[in-house]
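Student: Requesting a structural model of the entry that follows:
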Amino acid sequence: MTKILIPLAHGFEEIEALTIVDILRRADMEVVMAGLLPGQVVGAHQITVVPDMVLADVDADSFTMIVLPGGQPGTNNLNADPHIHSLLNNFALKNKPIGAICAATIVLASAGLIRGKKVTCYPTYRDQLNGGIYVDKPVVSDGSIITSQGPGTAIHLGLALVARLAGRHKSDELSKAMLVQDMPPEMWNPSLFNSIIQALLGALELKDTYTQGQARRVAEYCLSIGSKLKLPIIEMRDLYLGAMLHDIGKYSSAEDFLNKPDSLNLREETLAREHTLKGTLFVVGINELCNIGPTILHHHEHWDGSGYPGRLKGEQIPLHARIVAVADAFDAMISKRSYRDGLEKETAMQELVKHKGTQFDPFLVDVFIECLNDSPFEMKDFSFYY
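Tutor: Next comes the predicted model:
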């Protein structure tokens with residue numbers, strides 16, 4: 001029988017723990033709540049639970065999966081317990097599924113289990129993921145790791161765990177019985193939406209001659225990187241949109257310095273930098289575009305923290321923004337400008353390598369160079385993603 005372990009520490013988030021226990025038991029699975037210490041465990045909101053056993057007595061080999069609830073100080077108590085990391089590494093070594101919700105994702109980070117993996121957590125903990133790649137979604141699965149964002153996503157996580165352990169049919173059956181409502185389908189035409197995106201770019205290209213074809217090329221480069229990273233289709237769609245519209249804020253910039261035949265002065269450089277904020281404001285409030293705001297806002301951040309507008313550093317920079325930064329810089333280097341000729345492809349690639357770890361995410365530079373070497377000719381149009 002499928003058997004799931006849920007450790008409980010004083011200060012755990014009750015909704016997260018008990019919702020998951022309830023859903024898994026509805027799916028006829030054995031769920032064992034194990035307290036860090038003997039006796040009752042008091043949640044973050046003073047709800048008292050009597051665990052089934054003490055964590056020190058757990059036989060890890062008898063369990064199929066472990067799931068960590070979040071909450072504070074519960075998460076910190078889990079992280080400080082000597083048994084937790086040992087159990088997590090035992091499950092990981094045997095490739096057993098591991099779940100975490102809300103702040104508890106940082107316990108997986110502390111155990112060294114999510115470096116390079118896509119995960120989610122309560123947003124305020126996204127800078128404590130120790131190499132995990134934050135994804136702003138209710139539930140994120142990457143291999144054996146399944147994570148969720150917080151109390152409001154506990155039902156979604158519970159159903160995702162059922163789907164992983166018992167199949168999608170069982171999860172759908174429970175969802176229907178519990179009257180869990182799916183989001184209604186959005187009534188829009190993808191082809192029409194993509195045409196609007198193309199028209200917006202066309203308007204920008206009339207104003208800034210450099211941008212002609214630039215957004216499309218950057219989008220193609222970005223999606224080649226996304227393909228190498230095996231990003232899911234929805235992420236590829238958002239990456240495509242973010243790349244296509246990364247410079248849309250330039251539409252409100254003065255033409256005299258957009259097409260200036262030499263370098264910008266300090267005032268013009270300051271005004272030019274405003275395009276990231278203007279572009280972000282352009283998409284705020286548009287449901288189909290709101291996910292790409294961070295890509296537009298942060299695509300000029302640098303890996304070492306010297307970029308703008310937020311001086312974000314390393315993996316604080318959203319993944320899609322880091323991808324656009326590499327692709328955009330490469331296209332800028334090989335493109336002819338009014339004040340200089342474009343670089344040869346090999347020279348531009350050398351420049352990317354030269355700035356690994358300072359301007360660019362070093363891992364993404366390596367991935368992009370692989371893409372360029374794999375596809376020496378012009379890359380295909382990826383507009384079908386929208």
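Student: list the buried ones in stretch 79-92?
Tutor: Neighbour-count burial for stretch 79-92 flags 79, 81, 83-85, 87-88, 91-92 (criterion: 16 or more other Cβ atoms under 10 Å). C-beta here means a position set from N, CA and C on the backbone, and glycine is covered the same way.
Student: And stretch 105-119, by the same measure?
Tutor: Residues of stretch 105-119 classed as buried by neighbour count (16+ other Cβ under 10 Å): 105-111, 113-114, 117-119.
Student: Domain ranges for the chain, per the record?
Tutor: Annotated domains of the chain cover 3-177, 190-385 [automatic domain parsing].
Student: Comparing those by mean pLDDT, which bottoms out?
Tutor: The weakest mean pLDDT among the domains of the chain belongs to domain 190-385, with a mean of 80.
Student: which residues sit in contact with the closest residue to V324 other than its chain neighbours?
Tutor: Leaving aside its chain neighbours, V324 sits nearest to H299 (4.3 Å; criterion: Cβ to Cβ, 6 or more residues apart in numbering). By Cβ atoms under 8 Å, 6 or more residues apart in numbering, H299 lies in contact with 242, 246, 276, 321, 324-325, 328.
Student: Tell me the one of these nearest D366?
Tutor: A325 (14.5 Å; Cβ to Cβ).
Student: My guess is that closest one contacts H355. True?
Tutor: No. The criterion here is Cβ atoms under 8 Å, and A325 misses it with H355 at 10.3 Å.
Student: on that earlier part again, and the buried residues of stretch 105-119 as JSON lines, adding distance to L174 and secondary structure?
Tutor: Converted to JSON lines, the buried residues of stretch 105-119 look like this (distance: Cβ to Cβ, whole Å; DSSP: H, G, I helix; E, B strand; the rest coil):
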{"residue": "T105", "distance to L174": "24", "secondary structure": "helix"}
{"residue": "I106", "distance to L174": "29", "secondary structure": "helix"}
{"residue": "V107", "distance to L174": "27", "secondary structure": "helix"}
{"residue": "L108", "distance to L174": "26", "secondary structure": "helix"}
{"residue": "A109", "distance to L174": "30", "secondary structure": "helix"}
{"residue": "S110", "distance to L174": "32", "secondary structure": "helix"}
{"residue": "A111", "distance to L174": "30", "secondary structure": "coil"}
{"residue": "L113", "distance to L174": "28", "secondary structure": "coil"}
{"residue": "I114", "distance to L174": "27", "secondary structure": "coil"}
{"residue": "K117", "distance to L174": "27", "secondary structure": "coil"}
{"residue": "K118", "distance to L174": "25", "secondary structure": "strand"}
{"residue": "V119", "distance to L174": "24", "secondary structure": "strand"}
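Student: now the residue nearest to N130 when sequence neighbours are not counted: how far from A100?
Tutor: Using Cβ to Cβ, 6+ apart and skipping residues adjacent in sequence, the residue nearest N130 is A109, 3.9 Å away. A109 sits at a distance of 9 Å from A100 (criterion: Cβ to Cβ, to the nearest Å).
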